[in-house]
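>>> sequence and predicted model, in that order:
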Amino acid sequence: MVRVEDVNDEVQMIRLWCHENARVFRDRLCDDEDRRWFDEKLQTVLEQCFHCSREQIVLDDVLFGDFLVSKAGPYAEITDMEAAAEALGKYAKEYTAELQRPLDLVFFKNAILH
C-alpha cells in the first residue's frame, strides 16, 4: 500500500492510479485490440476526470513497487530499471538457493514492468 508521504505530487498520484489500473485490468486482456480499447478508456478518464492527457502524465514504463529498498520497503515509483532488474535478480538468486536447483531467469524490461 502506498503511503501519503511516498507520493510527491498530483502527477505521481495519477501515474500510480494508471499503473494500478493497468496491472489489474490491462494485463489480463488477451489481444492488442482489447489493450487499445483499454488505453482509449484510460485516456478518456484522464481527460474527463483528471483534466490531463496521457502525454502530460508520461505513462511509458510506469512502475511502482516495494522491492528496491528491502522486502518491506515503501511502495513507491521505480524509475531506475537497472536497479529493478538487479533487485529482482537478487531475489531470484535467493529463491533458487532455497530450491537447491538452478533457475536462470532473465528480467527483461517487459517482465520488470509487470
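Right, received. Where do you want to start? Numbering: from 1, shown residues only.
>>> and residue 22, what element?
helix 10-24 (DSSP states H and E).
>>> run the chain-centre distance for that helix.
What separates the centre of helix 10-24 from the centre of its chain is 9 Å, taken as C-alpha atoms, centre = their mean, to the nearest Å.
>>> give the closest residue to residue 3 in space, chain neighbours not counted.
Leaving aside its sequence neighbours, residue 3 sits nearest to residue 74 (C-beta to C-beta, 6 or more residues apart in numbering; 6.3 Å). (Each C-beta comes from the backbone N, C-alpha and C, glycine too.)
>>> any idea what the one you found is structurally, helix, strand or coil?
coil (DSSP: H, G, I helix; E, B strand; the rest coil).
>>> show me what the helix holding residue 22 is packed up against.
helix 32-49, helix 54-57, strand 64-65, strand 76-77 (3 or more C-beta pairs under 8 Å, 6 or more residues apart in numbering; DSSP states H and E).
>>> my guess is the residue nearest to residue 3 contacts residue 4, does it?
No. Residue 74 lies out of contact with residue 4 (C-beta atoms under 8 Å); the separation is 11.0 Å.
>>> so between the two, which is more surrounded?
The neighbour count for residue 74 versus residue 4, taken as other C-beta atoms under 10 Å, is higher for residue 74 (14 against 6).
>>> how much space between that one and residue 1?
Distance of residue 74 to residue 1, computed by C-beta to C-beta, to the nearest Å: 10 Å.
>>> again with residue 7
Distance of residue 7 to residue 1, computed by C-beta to C-beta: 12 Å.
>>> neighbour-wise, which of the two wins?
Higher neighbour count among residue 7 and residue 1: residue 7, with 16 against 6, using other C-beta under 10 Å.
>>> burial of the residue lying closest to that one once chain neighbours are set aside, as a residue count?
Among residues not flanking residue 7 along the chain, residue 13 sits closest, at 5.1 Å (C-beta to C-beta, 6+ apart). The tally of other residues near residue 13 (other C-beta under 10 Å) stands at 14.
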